[in-house]
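Chemist: Sequence first, then the predicted structure:
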Amino acid sequence: MTAEPVLMTSSEALVETMVAQGVTDVFGIVGSAYMDALDLFPAAGIRFIPVAHEQGAAHMADGYARASGRHGVCIAQNGPGVTNFVTAIAAAYWAHSPVVFITPETGSMTMGLGGFQETEQLPIFSKITKYQGHVNDPRRMAEIAARCFDRARLEQGPAQLNIPRDHFYGECRARIAPPLRIGRGPGDAAALDEAADLLASARFPVIVAGGGVILAEGRDATVALAGLLHAPVCNSYLHNDSFPASHELWCGPLGYQGSRAAMQLLAQADVVLALGTRLGPFGTLPQHGLDYWPQHAKVIQVDADARVLGLVKPIAVGIHGDARAAALALHERLRARELAAGATVAERRQRIAAARAAWEHELEQCTHERDPYSLEVAQYSPHRHPLQVLRELERALPADAMVATDIGNICSVANSYLRFEQPRSMFAAMSFGNCGYAFPVACGAKIAQPQRPAVAYVGDGAWGISLNELLTCARERIGVTVVVFNNGQWGAEKKNHVDFYSRRFVGVDLANPSWAQVAQAFGCEGVTVDRLADVGPALRAAVQAQAEGRCTVLEMMVTRELGDPFRRDALAKPVRLLEKYKGYA
Ligand SMILES: Cc1ncc(C[n+]2csc(CCOP(=O)(O)OP(=O)(O)O)c2C)c(N)n1
Ligand SMILES: [Mg+2]
């Protein structure tokens, strides 16, 4: 950081800004466009992690940011390197990750002439970024780079730093600004008063703890508020790490393949405190045959992004604030008050415990899927039931594990089986829902938190999209564990064929090589697990190997049975009007 402007090159201005922002790791594939800056990374104390595909780099930056709360940073060659970022940046956008992606662009003097590796790089990302900085003059490098880093944190999402490649060169007088970190505070005092009144008069208050609790480091404040109200706490969809699972008030995750206990308890609420959650539409769909959202409850919603307040569900009170600060402010307002719910603590405690126990029992009993298709395919299979494998994995996961989950049938069913004690532990592919998310995200998380075990759950189809980053693990000695569920199919989509298309299968069966041998060929460890008794020991051994920088692929041989479909909400029985297609109804 420099108080006064100092003479430097624009590459130096970029690298010094990164240093001032605390950047120590950058993911990418080398490219001529930014070589002048890359040359300085080692001297600046920045590790460059070369990956196999730029999508992997941006996913790793996302995982890094989610695990650490710091910026995740990636960089690529202009044109094709940059367009390879798109899917991962969209995923990071919906995961609220402060990813700064640096996109060198074709040179300013040839822009528009159709030269080599040219495409307009700002429009492509305009809908999946919180901020786009364009260095229109090399003298503005430090200023615009700093703004990207500041905005990524301020708005909790990806920021693009677009730099015409000639602007890496040239001298400038630049001041390297200190990072701008703006506190959000608890929100409007009148709204907090109103929320406190509602909570004080609630007979059955329920808290939905979302990703905002994690981002705001608000776990303890939420635990305290829940304890004061004696309110059950549901995790919002795919944020199973927003409240400690060992707590007596935890009742599990909402949403697809979530906890029946959470849904049953939420259905009884007269006041819902939605803390740090946008209540995304997919995450509150009916499940287990339960349309559980309490239509008549008064909803208090707290979020750092004002635009999501009241967006999906009608609300009684909206609070534009930080989840932790708001939880503390509500606690302060309620601490000495008489609470209507106080009269029924014993009865509610019993109801919460009963719902939890029933759900636990159900998980224990449910060793396999019971629909006709699943029973049929599992009957003659030599392999294990996915539900049993998920349970064994849950039991063997270390308490401080970080788990990234992909998009697929088995990964989704895993939602019921993943419990955490600390925040920044679960990194699911969030609303963007791209297959191929989990493995590179786990790699990024591991680099951010090397002392914590990192595990990725991936279906065999999604594995085909992402396995190239085994190269990166072997080359860079990134110790992660990948659990590949080998069911020989794109299962989640096949389930739609079963339920809606009379089992007319198109493009869903997968002929796989031995994924264990493939891993070995990449220079990683590969183990095929075919017995239930081996699941736990194999996972524990793989986690141990992480300490030596060894990546292990555990190939779980599972039957082709399938859990509930993903998009029951969006699919319909087919209607065919043309004679030619009459048989396809
Ligand atoms: C990039 C991408 N392509 C396609 C899809 C559509 N899709 C959703 S789930 C799924 C099947 C996943 O199969 P697999 O990874 O083998 O897991 P399984 O469902 O068998 O457990 C597909 C293709 C997607 N979500 N993302
Ligand atoms: Mg599969």
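Modeler: Here it is on my side, so go on. Ligands and ions are numbered 1, 2, ... in the order given.
Chemist: Tell me who's in contact with Pro50.
Modeler: Neighbour list for Pro50: 28-30, 472, 475-476 [criterion: C-beta atoms under 8 Å, 6 or more residues apart in numbering]. C-betas here are computed from N, CA, C, even on glycine.
Chemist: mind checking pLDDT for it?
Modeler: Pro50 carries a pLDDT value of 98.
Chemist: Please report how far it lies from ligand 2.
Modeler: 29 Å (C-beta to the ion, to the nearest Å).
Chemist: Kindly export stretch 453-466 (C-alpha atoms) in PDB.
Modeler: Extracted in PDB, the C-alpha atoms of stretch 453-466 (Å, rounded to 0.1, in the frame of the first residue of the first chain):
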ATOM      1  CA  PRO A 453     -10.100 -32.700   5.100                       C
ATOM      2  CA  ALA A 454     -11.700 -31.900   1.700                       C
ATOM      3  CA  VAL A 455     -14.100 -34.400   0.100                       C
ATOM      4  CA  ALA A 456     -16.100 -34.200  -3.100                       C
ATOM      5  CA  TYR A 457     -19.200 -36.200  -3.800                       C
ATOM      6  CA  VAL A 458     -19.600 -36.700  -7.600                       C
ATOM      7  CA  GLY A 459     -21.800 -38.800  -9.800                       C
ATOM      8  CA  ASP A 460     -20.100 -40.800 -12.600                       C
ATOM      9  CA  GLY A 461     -21.600 -38.600 -15.300                       C
ATOM     10  CA  ALA A 462     -20.500 -35.400 -13.600                       C
ATOM     11  CA  TRP A 463     -17.200 -37.000 -13.100                       C
ATOM     12  CA  GLY A 464     -16.600 -37.100 -16.800                       C
ATOM     13  CA  ILE A 465     -17.000 -33.400 -16.900                       C
ATOM     14  CA  SER A 466     -14.600 -32.600 -14.100                       C
END
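Chemist: chain center to that stretch, what's the gap?
Modeler: 14 Å (C-alpha atoms, centre = their mean, to the nearest Å).
Chemist: Okay, and the residue of the stretch 101-250 of the chain found nearest ligand 2 sits in which element?
Modeler: Closest to ligand 2 within the stretch 101-250 of the chain is Leu238: 19.3 Å, counting by C-beta to the ion. Leu238 belongs to no helix or strand when assigned by DSSP states H and E.
Chemist: so what's it closest to, chain neighbours aside?
Modeler: Using C-beta to C-beta, 6 or more residues apart in numbering and skipping residues adjacent in sequence, the residue nearest Leu238 is Ala428, 3.9 Å away.
Chemist: Tell me who's in contact with that neighbour.
Modeler: 238, 404-405, 411, 415, 438.
Chemist: how close does it get to Ala456?
Modeler: 11 Å (C-beta to C-beta, to the nearest Å).
Chemist: Residues that sit against both of the two, list them.
Modeler: Common neighbours of Ala428 and Ala456 (criterion: C-beta under 8 Å, 6+ apart): 404-405, 438.
Chemist: Closest one to ligand 1 out of those residues, please.
Modeler: Using C-beta to the nearest ligand atom, Ala438 comes nearest to ligand 1 of those, at 9.6 Å.
Chemist: you'd agree that closest one is up against Ser466?
Modeler: Yes. Between Ala438 and Ser466 there is a contact at 7.4 Å, judged by C-beta atoms under 8 Å.
Chemist: Compute the distance between whatever residue of the chain ends up closest to ligand 1 and Tyr380, please.
Modeler: Nearest residue of the chain to ligand 1: Gly459, at 2.1 Å (C-beta to the nearest ligand atom). Applying C-beta to C-beta, the value for Gly459 to Tyr380 is 22 Å.
Chemist: swap in Gly536?
Modeler: 26 Å.
Chemist: what do you get for Leu309?
Modeler: Distance, Leu309 to Tyr380, using C-beta to C-beta: 53 Å.
Chemist: rewinding a little: residues near the residue of the chain closest to ligand 1, how many?
Modeler: Gly459 has 31 neighbours, counted by other C-beta atoms under 10 Å.
Chemist: show me the contacts for it.
Modeler: So Gly459 contacts 406-411, 435, 484-485, 487, 490-492 (C-beta under 8 Å, 6+ apart).
Chemist: In helices only, show me these.
Modeler: Among the contacts of Gly459, DSSP state H puts 409-411, 491-492 in helices.
Chemist: Most widely separated two among the residues you listed?
Modeler: Using C-beta to C-beta, those reach their maximum pairwise distance at Cys411 and Gly491, which is 9.6 Å.
Chemist: Just the helices from the stretch 351-500 of the chain, written as ranges.
Modeler: 372-379, 386-396, 409-413, 438-448, 460-466, 470-476, 491-500 (DSSP state H, counting those that start in this stretch).
Chemist: got the buried residues for the helix or strand of the chain with the lowest mean pLDDT?
Modeler: Within the chain, no helix or strand scores below strand 171-174, which has a mean of 94 by mean pLDDT, DSSP states H and E. Taking 16 or more other C-beta atoms under 10 Å as the neighbour-count basis, strand 171-174 is seen to contain the buried residues 172, 174.
Chemist: Tell me the gap between the next helix or strand after it and the middle of its chain.
Modeler: For strand 171-174, the following helix or strand on the C-terminal side (DSSP H and E) is helix 189-201. Chain-centre distance of helix 189-201: 31 Å, with C-alpha atoms, centre = their mean.
Chemist: Show me what the least confident helix or strand of the chain is in contact with.
Modeler: By C-beta under 8 Å, 6+ apart, strand 171-174 touches 2, 5-10, 13, 16, 138-139, 141-143.
Chemist: The residue of the chain closest to ligand 1 and Arg419, how far apart?
Modeler: Gly459 is 21 Å from Arg419, by C-beta to C-beta.
Chemist: Over to Gln350?
Modeler: Distance of Gln350 to Arg419, given as C-beta to C-beta: 22 Å.
Chemist: hey, which of the helices of the stretch 351-500 of the chain is tucked in deepest?
Modeler: Comparing these on average neighbours per residue, with mean count of other C-beta atoms under 10 Å, the densest one is helix 438-448 at a mean of 31.
Chemist: State the mean pLDDT of that one.
Modeler: Rounded mean pLDDT across helix 438-448 is 99.
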